[in-house]
Every structure is written in C-alpha cells, then in structure tokens.
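Q: Just to be clear, the model below is a prediction. Sequence and coordinates:
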Amino acid sequence: MGNSVEFYNQTNEEVEEFNSLEKVLSTAIQMEGLENVSFNVILVDDETIHQFNKEYRGVDKVTDVITFALEDEKEVILPAGMRVLGDIYICLNKARSQAEEYGHSFYRELSFLAVHGFYHLLGYDHQTKEEEKIMFQKQEEVLAKNNITR
C-alpha cells in the first residue's frame, strides 16, 4: 500500500518551497516507523485559517498551523489497512512572517510547521513542559536529518 501524503495549495500564490516538503515528511514518517499512513498538507490564506481557529478552537485570530486528526474522531470510519491521520493546514502569510521574525528561511519555517502538524496528527502535544520537550525534540531531529537549520 505505502504512504500517501497529498499537498494542496489553496492560495493564489505559487510557492516553490511547498513542493519540497514531501522529503521532510517522509523522514518524519520513517523516524516514527510508520507504514501505510495517509494525510494531507494544505496551504491556506489568513482568512481561512482564522475561520478554522475561531470555529474549532474558539480562538478569534490567525494562527500558523492547525490540524484535524481523524484518529481523534470516534464517529469516523477509516479504511482497513491504511492509517488515515487527517489534515494539516498551514497559513502561508504567517509562515512567511514567522520566518522573518525568527531570522531563518521560509523553507525552514514551512518545514517546521509541516512536521509540527504531523506530530499533532500522531497525538503529540505541547500543553505541558514535558510534552513540549518530547514533541519539539522529535521535530528538531527530523529537520536536522534534512539539514534544515535556523
């Protein structure tokens, strides 16, 4: 069967770096020892992610990444043999402004947000210091393996 990661750019801009995320996410999938996983990465504008954040998290502002993990949903019937993780939505403008703010490349920020979303789909979180330490260490290992530095 194999892994399936689909990429959708729902903005009006051509984003060359978006097409390079597959390699980084493949590394994360391998590092977690996963097989037959499927998920989507969707690039969106401020308005779309703002609406999702408001509607699903009760936070009335633009955010950088938001995930919808299908495994969290009890009512969803998933296909046998394939682990369908869900969707990762990344805000294009927020990724750009954060790259500038943190002083690293746009590609690094996009990669970080994609990997961050991937770990959220797997159930990792950063609500406590301990959870954050585990999740962020995993993210940094994936980025380092791909020579994506700050």
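A: Ah, there it is.
Q: The residue in the chain sticking out farthest from the centre in helix, strand or coil?
A: No residue in the chain sits farther from the centre than Ala80, which is 23.8 Å out by Cα atoms, centre = their mean. Look at Ala80: counting by DSSP: H, G, I helix; E, B strand; the rest coil, its state is coil.
Q: And for Thr11?
A: Three-state secondary structure (criterion: three-state DSSP) places Thr11 in coil.
Q: where does it fall, phi/psi-wise?
A: In terms of degrees, to the nearest 10, the main-chain angles of Thr11 are phi -100, psi 170.
Q: What separation do you get for it and Met82?
A: Thr11 sits 28 Å away from Met82, going by Cβ to Cβ, to the nearest Å. C-beta coordinates here come from the backbone N, C-alpha and C atoms, glycine included.
Q: In terms of helices and strands, where is His50?
A: Take DSSP states H and E as the rule and His50 turns out to sit in helix 46-57.
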